[in-house]
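S.K.: Give the three-dimensional model of this entry:
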Amino acid sequence: MKKVITNYGTKLCSICCSIFGHHFIISKNITLHIKEYKCVHCYKEVTTDVSGNLSELTPELQDINDTLQHIYNKRQSADHQVA
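M.R.: Now for the predicted structure:
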């Protein structure tokens, strides 16, 4: 049987997520307040935006998150060296 894949996993998983909702888990911690999430069923990726709502993770937002994480980690390591 041929497996049909969409951008968010198999069609069956996409249908289940559209009916029952997504089951997101944290896939990456950016800062204390910003995280990236991934659905365990359809693999859809989202992130928290400026107002704290979940937004679809676009390549632009992923680049912003990577830069923000780099700055955050650099600042955290500088704070630990001073203390």
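
S.K.: Starting from Phe20, give me the distance back to Asn65.
M.R.: According to CB to CB, to the nearest Å, Asn65 and Phe20 sit 27 Å apart. (Each C-beta comes from the backbone N, C-alpha and C, glycine too.)

S.K.: again with Thr58
M.R.: Distance from Thr58 to Phe20, by CB to CB: 25 Å.

S.K.: out of Asn65 and Phe20, which sits in the busier spot?
M.R.: Neighbours were counted for Asn65 and for Phe20 using other CB atoms under 10 Å; Asn65 has more, 19 against 9.

S.K.: element containing that one?
M.R.: Asn65 is located in helix 59-82, with elements delineated by DSSP states H and E.

S.K.: counting contacts, what elements does that helix pack onto?
M.R.: For helix 59-82, the packing partners by 3 or more CB pairs under 8 Å, 6 or more residues apart in numbering; DSSP states H and E come out as strand 45-48.

S.K.: Quick check: next helix or strand after the strand it packs on?
M.R.: Toward the C-terminus from strand 45-48 - assigned by DSSP H and E - lies strand 54-56.

S.K.: Show me what counts as buried in that next one.
M.R.: If you call a residue buried by 16 or more other CB atoms under 10 Å, then strand 54-56 has no buried ones at all.

S.K.: just checking, Glu56 touches Thr48?
M.R.: No: using CB atoms under 8 Å, Glu56 makes no contact with Thr48, being 11.7 Å away.

S.K.: Model confidence score at the residue lying closest to Phe24 once chain neighbours are set aside, please.
M.R.: Nearest residue to Phe24 in three dimensions, chain neighbours excluded: Tyr37, at 3.9 Å (CB to CB, 6 or more residues apart in numbering). For Tyr37, the pLDDT comes out at 96.

S.K.: now the most centrally placed residue in the chain, what's its secondary structure?
M.R.: The centre of the chain sits closest to Glu36, judged by CA atoms, centre = their mean, with a distance of 2.4 Å. Glu36 falls in the strand class when you classify it by DSSP: H, G, I helix; E, B strand; the rest coil.
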